[in-house]
Structures are given as C-alpha cells and as structure tokens.
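S.K.: make a model of this:
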Amino acid sequence: LNYNAYATYAKEINEHSLTVIVGSEASRSKAYSRLSTAQNLTGTFKELGNPGQMLSMWGGISGENFLLSYFTRANYKFNNKYLLGISVRRDGTSTFAENNRWGTFMAFSGGWVLSDEKFMSGLGKHTTLKLRGSYGETGNSSIPSGLDSRLYEGSYMIYGGQSIGGNNGTLPINIPVGDLQWETTKSTDLGIDFGFFDNRINGSLAYYNKNVTNMLLQGPIPVSAGIGGNPYNENNNVIWGNLGNMTNSGIEIEIHSTNVNTNDFKWTTDFNLAFNKNSIDKLTSDADKSGKGLIQGQYISRKGERRNQWYLASSAGVDPQTGAPMIYALDKDLYTKTGETQNLKKNNGADSLIYATKANIAGNIFVQDGKSPDPTYYGGLTNTFTYKGFDFSFLISFSGGNYIYDYDEQVSTWVGSGGNFRSGLIGNVWTKPGDVAKYPQPRFGNTYIINGNSVADFGPDWVYYNQSLYKGDYIRLKNIQLGYNVSSAFSSKIKLQGIRLYVSGTNLWTDTKYPGFDPEGAGYVYTATIPQTKSVMFGVVVKF
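M.R.: From the prediction side, this is the model:
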C-alpha cells in the first residue's frame, strides 16, 4: 500500500524563476503465507481439499515493513543561465530500531550556461557549453525487517534422531541487532555539457564519486555462538551490521552526432562509455586489523581493494600420475599473521601441491587478486540511417574488466553432478599415467586411487575453485533493424494511416574469450545462467 501527496508552487518574475515542491509519501508492505501438509489426497488432481490425513498447517505474517517520508525541493533559475537546486528528505522506516529509525538526506545542485556569457562570444552562437555539479545523499534500508527481534526455529530434529527417541527441539536462529543505522551514499558529480555546430555534435563528460558509509552487510559469527536453524541455509551463522565504507568513482562520456542530414538521407550516431572503480575504505576493526577482510561465500572484500573479489581455491591442474585434480597449498602461517594468501613453498622453493578433496579445498582458499564480478567499463554505440522510406540501425554494446565463474563448466565436468557431460571432455580427460590433461579422470563417487589406496571426497559440483574463472570482456551486436515505411499516398488509397515493414535481429554476434554460454549478466552466479536469446523477427505495423 503506497501513497504520495505533494504540492507545487511556481513563480516567474522577470528573469527569475522559482519552483518549490513539498510533499509526503508512505508505504506499507507485508506477506501473509499459509502452508498445509497432508497425506492421502483425493480427487483427479490430488488437491488439498479433504485429505485423508492432515499432517501440519502453518500461517503467519512476515516481512512487515513501514516507510514514511517528508520531502521538499526548490529549483531556482536566473536569466536561463544560472541554475540552483536544493532538496531535503526525512525518511523513517520500521526496519531499524526506534532510536535509529529516521534519517535526513540533503542534495544540492548548480549549473552555469557558460556559452551565454559575453566573454565566451568568441565561440559563436552555434556552440553550447554548460558546467554542472551536484552533491547528494541517499539512504538505503533494503534489509530484512525484524532483525532486532529474537527468532526461534522448532521444525528440525535437533536433539537426537528418532532411533534414540529424540524429539524436535527449539533453538535461536539469530542474534538480535538493535543498533543498525541507515546506509548512506554521498554522491558528488561534476560535468560539462556541450554542443557544437548548432548541436550537430553534442554530449557530456562527467566525473562522479560515491562514498558509501555504514554499509549494510552480513558478517560471519562462529558456530560456537549456538545459532542454528535450517542446516541447508547458507545464511546461517551470519549477522547483519553496518560493516564498512566503500568508494565508487568513475567517468561517464556521452556523444550524439548528426553526421549527414540532407533532404533524403540522414545518419546519426550515439556513443556512451563509462568507467567505474570501487574500493573498500573500511570494514570492521577486526577485519581491517587481521587483513582477512569480510568473506561472503565465494567473495571477499578487504580494505584498500576492490569489493567482492573472487575467493576460491587455486587449481594446479591434474596429477599426471593419478588423474586426480590438484590445488595449490596455502601458506597458513602467513595467512594467520597477515591475512595474505600465498602459495606454500617447499624447501627447494617450489610450490606445494595437494589433492583437491573437499577438506583441502575448504582449508586452502586464495584471494583471486583484482578479479571481481564487477565490470570496470561498459558502453554502447548506435548508428541510425534513414533514406526516404527506409531506415536502418544497429546497436553494439560492450563491457569488461570483470571475471565470471563458469558454473556450467563446473557441473558438467564432474561425475555425479546431476547433469550431462559437455563434449569438451572428449580427448581432454586423464586416461593413463603420464597424461597431461585439462580435466581429471571422471570417477564414480569422485573417488581416486592414490598410492594404491582409494581416496574419496574429492570436490563435486558445489565446491568452487578458479579453474572455471574467466575474463568477462565482450563486444556484442545487440540489435540490428531494417525497416520500410510505405508511402502515405499508397496508405491513404487503402484507407490506412500508415504501413511499416521491418526485420530485426537480437544478439546475432558476440566476440568474447569467455567460453561459457553468455558473458552478459553472468557476474554473480551460483547456478548456470540462461543465455541471452538470439532471435530474428519479421513484422508489419499497420495504423488505422
């Protein structure tokens, strides 16, 4: 349930223009769920109408959240040349405890049409230059509600199995957090808008800096804290907190040009390019002091480095003698002292290699330095051509600077992963001693024969290491379209306002070194992602 009410006041006096907006908005959300479990269902479709035996029923409200906001904004303009703006928001949310419920966020902006000044007259009347800048604050409260309440779980057989007469128990599944605060982003933007040759070439160049403070993140808590619940839930043993600060900065470029413009033919180009750099400025005092950072699954964030770098065991290939997968051993003494992840060296200076069992992988994980799922640049290029009734356009998009984990490769190269094998295994797996192979020997149950002994528990599909980590750079022909607008004279003869014929294609060509299905949108993955579809479409648009 949402409402938004506001009033606007606008006034112009000679060269002065003022607009003021004052308002309020609020939202309320909740979910009501019911669950019934039964046996001996009746009917053709086995509906849960009148079951033979009702086992359990549950119902309740969850995720209840309230947000109330007051805001005002004022924009002032003088002589259409000097621009000023200010806004203030006061937001309150039930997500946080009462003492931290409200946050105030302000923003300021200014603009100066430099080309209208007399001292810039040398540029000519067909040139436009505008300087602009802004500073603004925004708040984030996008975390689960009710974190300041103690929660319990009682649906799991915690205290012993049925064979020894154990009963279901109740245990706490969280630690209440009552001091959470708004996450705040303080953004600074400086730019210049330009137009040359009567705006046949126009665009903008801008620099931005976003400083995020009091980041709302999940931090680990030890198993010894006694916090449990669903044993299959990876969010167990974590606690929400304001766990650090981060900076995002970059440059954005936009250019539009009219290259040719005659009576019959027109050609325009649009180009945009953005660079982004992020860096962790601060985490918790313990994480910063130890150098171990904040670990969340397969990602790690550390002070002074990119956020969410990949945190994986490092593959050392396949043992030529046994066909078993190998990983590099971690120098654990160095890691304990400094948080740095480096290869353990043997006495002769060579890297120490160990077998990739699940236990070894869990205890020998490395920071994949500088490798993050976040792109560092992205953009696009569009060209549009029109000639009489014909039009033709194409869009090329690109992105890069990130690394993608090819989960599909992981699950399709292990026995027992529940899916099909990939054809790339043919000729690339270990078959006999001495083979130098890309993939280990497929073994049922992931059990290998080492020194005459059967060694089990090698990593199946839910164990991650960097063998499947690839650069995510790509350039793609995102869209291409050819159309024809039938002449209005012909359309009117058949009593129509217009007819357009077209053919378009989407994702027809992609250049990338990423071997997976699709590099676009495949940054943060734990399952194989569905690739972007390649399609060709023919159409007719008729206007009556």
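
S.K.: which residue is the nearest non-sequential neighbour of Gln481?
M.R.: Distances taken as C-beta to C-beta, 6 or more residues apart in numbering put Ser504 closest to Gln481, at 4.0 Å, once the chain neighbours are dropped. (Glycine included, C-beta is placed from N, CA and C.)

S.K.: Lys303 too?
M.R.: Nearest one to Lys303, counting by C-beta to C-beta, 6+ apart, is Asp288 at 4.8 Å.

S.K.: what about the one you found, distance to Glu340?
M.R.: 14 Å (C-beta to C-beta, to the nearest Å).

S.K.: the more surrounded of the two?
M.R.: Applying other C-beta atoms under 10 Å to Asp288 and Glu340 shows that Asp288 carries more neighbours, namely 19 against 14.

S.K.: one step back: I'd guessed the residue nearest to Lys303 sits against Ile280; true?
M.R.: No: using C-beta atoms under 8 Å, Asp288 is not in contact with Ile280; the gap is 9.2 Å.

S.K.: overlap in contacts, the two.
M.R.: Lys303 (C-beta atoms under 8 Å, 6 or more residues apart in numbering).

S.K.: show the end-to-end separation of stretch 363-373, please.
M.R.: Using C-alpha to C-alpha, to the nearest Å, the end-to-end distance of stretch 363-373 comes out at 23 Å.

S.K.: next, the buried residues of it.
M.R.: Asn364, Ile365, Phe366, Val367, Gln368, Lys371, Ser372, Pro373 (16 or more other C-beta atoms under 10 Å).

S.K.: tell me which of these is nearest to Leu171?
M.R.: Ile365 (29.1 Å; C-beta to C-beta).

S.K.: pLDDT score assigned to that closest one?
M.R.: For Ile365, the pLDDT comes out at 93.

S.K.: dump the residue contacts of it.
M.R.: Contacts of Ile365 (C-beta under 8 Å, 6+ apart): Tyr311, Leu312, Ala313, Leu330, Thr341.

S.K.: what's the distance between it and Leu334?
M.R.: 14 Å.

S.K.: Phe45 too?
M.R.: Distance of Phe45 to Leu334, computed by C-beta to C-beta: 62 Å.

S.K.: now swap in Thr447 and tell me
M.R.: For Thr447, the distance to Leu334 - C-beta to C-beta - is 32 Å.

S.K.: likewise Leu353?
M.R.: Leu353 is 17 Å from Leu334, by C-beta to C-beta.

S.K.: how about Ala316?
M.R.: Computed as C-beta to C-beta, the Ala316 to Leu334 distance reads 18 Å.

S.K.: kindly report the same for Glu305.
M.R.: Applying C-beta to C-beta to Glu305 and Leu334 gives a distance of 17 Å.

S.K.: so which of the contacts of Ile365 comes closest to Ser393?
M.R.: Closest to Ser393, out of all of the contacts of Ile365 and judged by C-beta to C-beta, is Leu312, at 41.6 Å.

S.K.: quick check, that closest one in a strand?
M.R.: Yes: assessed by DSSP: H, G, I helix; E, B strand; the rest coil, Leu312 belongs to a strand.

S.K.: got the contact list for it?
M.R.: Leu312 touches Gln298, Ile365, Phe366, Gln368, Tyr405, Tyr464, Tyr465, Asn466, Leu469, counting by C-beta under 8 Å, 6+ apart.

S.K.: okay, and the beta partners of it?
M.R.: With DSSP bridges as the criterion, Leu312 is bridged to Phe366.

S.K.: on that earlier part again, and the residue nearest to Gln481, what element?
M.R.: In the assignment (DSSP states H and E), Ser504 maps to strand 498-512.

S.K.: returning to what we had before: so Phe45 and Leu334 - more neighbours on which side?
M.R.: Leu334 (14 against 7).

S.K.: could the buried residues of stretch 363-373 go into a markdown table alongside distance to Trp102?
M.R.: Shown next, in a markdown table, are the buried residues of stretch 363-373 (distance: C-beta to C-beta, whole Å):
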| residue | distance to Trp102 |
| --- | --- |
| Asn364 | 47 |
| Ile365 | 41 |
| Phe366 | 43 |
| Val367 | 39 |
| Gln368 | 41 |
| Lys371 | 40 |
| Ser372 | 34 |
| Pro373 | 34 |
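
S.K.: closest to Ala31 among those?
M.R.: Pro373 (29.8 Å).

S.K.: quick check: the closest residue in space to Asn485 that isn't next to it in sequence vs Leu330, distance?
M.R.: Spatial nearest neighbour of Asn485, excluding adjacent residues (C-beta to C-beta, 6+ apart): Gly389 at 4.6 Å. Per C-beta to C-beta, Gly389 is found 67 Å from Leu330.

S.K.: same question for Thr128.
M.R.: 58 Å.

S.K.: quick one, which of those two is more surrounded?
M.R.: Shown here are Thr128 and Leu330; by other C-beta under 10 Å, Leu330 has more neighbours (22 against 17).

S.K.: who's the more buried one bridged to?
M.R.: Beta-bridge pairing of Leu330 under DSSP bridges involves Asn343.

S.K.: what's near enough to touch it?
M.R.: Leu330 is in contact with Thr341, Gln342, Asn343, Leu344, Gly363, Asn364, Ile365, Phe366, counting by C-beta under 8 Å, 6+ apart.

S.K.: need those in a markdown table (columns: distance to Gly52).
M.R.: Shown next, in a markdown table, are these (distance: C-beta to C-beta, whole Å):
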| residue | distance to Gly52 |
| --- | --- |
| Thr341 | 58 |
| Gln342 | 63 |
| Asn343 | 62 |
| Leu344 | 61 |
| Gly363 | 50 |
| Asn364 | 53 |
| Ile365 | 50 |
| Phe366 | 55 |
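
S.K.: and the lengthiest strand in the chain, what does it pack onto?
M.R.: For the chain, the longest strand by residue count, based on DSSP state E, is strand 53-78. Strand 53-78 is packed against strand 16-39, strand 82-93, with contacts defined by 3 or more C-beta pairs under 8 Å, 6 or more residues apart in numbering; DSSP states H and E.

S.K.: weakest of those by average pLDDT?
M.R.: Minimum mean pLDDT among the helices and strands packed on strand 53-78: strand 16-39, a mean of 92.

S.K.: may I see the buried residues of that one?
M.R.: So strand 16-39, judged by 16+ other C-beta under 10 Å, has buried residues Ser17, Glu25.

S.K.: can you check stretch 133-145 too?
M.R.: Gly133, Ser134, Gly136, Glu137, Thr138, Gly139, Ser141, Ile143, Ser145.

S.K.: and which of the residues you listed is nearest to Asn65?
M.R.: Ser145 (4.6 Å).

S.K.: so who does the closest one touch?
M.R.: So Ser145 contacts Gly63, Glu64, Asn65, Ser94, Thr95 (C-beta under 8 Å, 6+ apart).

S.K.: kindly report the same for Lys346.
M.R.: Lys346 neighbours (C-beta under 8 Å, 6+ apart): Ser352.

S.K.: reformat the contacts of Ile365 as a markdown table; add distance to Ile530.
M.R.: Compiled in a markdown table, the contacts of Ile365 are given as follows (distance: C-beta to C-beta, whole Å):
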| residue | distance to Ile530 |
| --- | --- |
| Tyr311 | 26 |
| Leu312 | 24 |
| Ala313 | 27 |
| Leu330 | 35 |
| Thr341 | 33 |
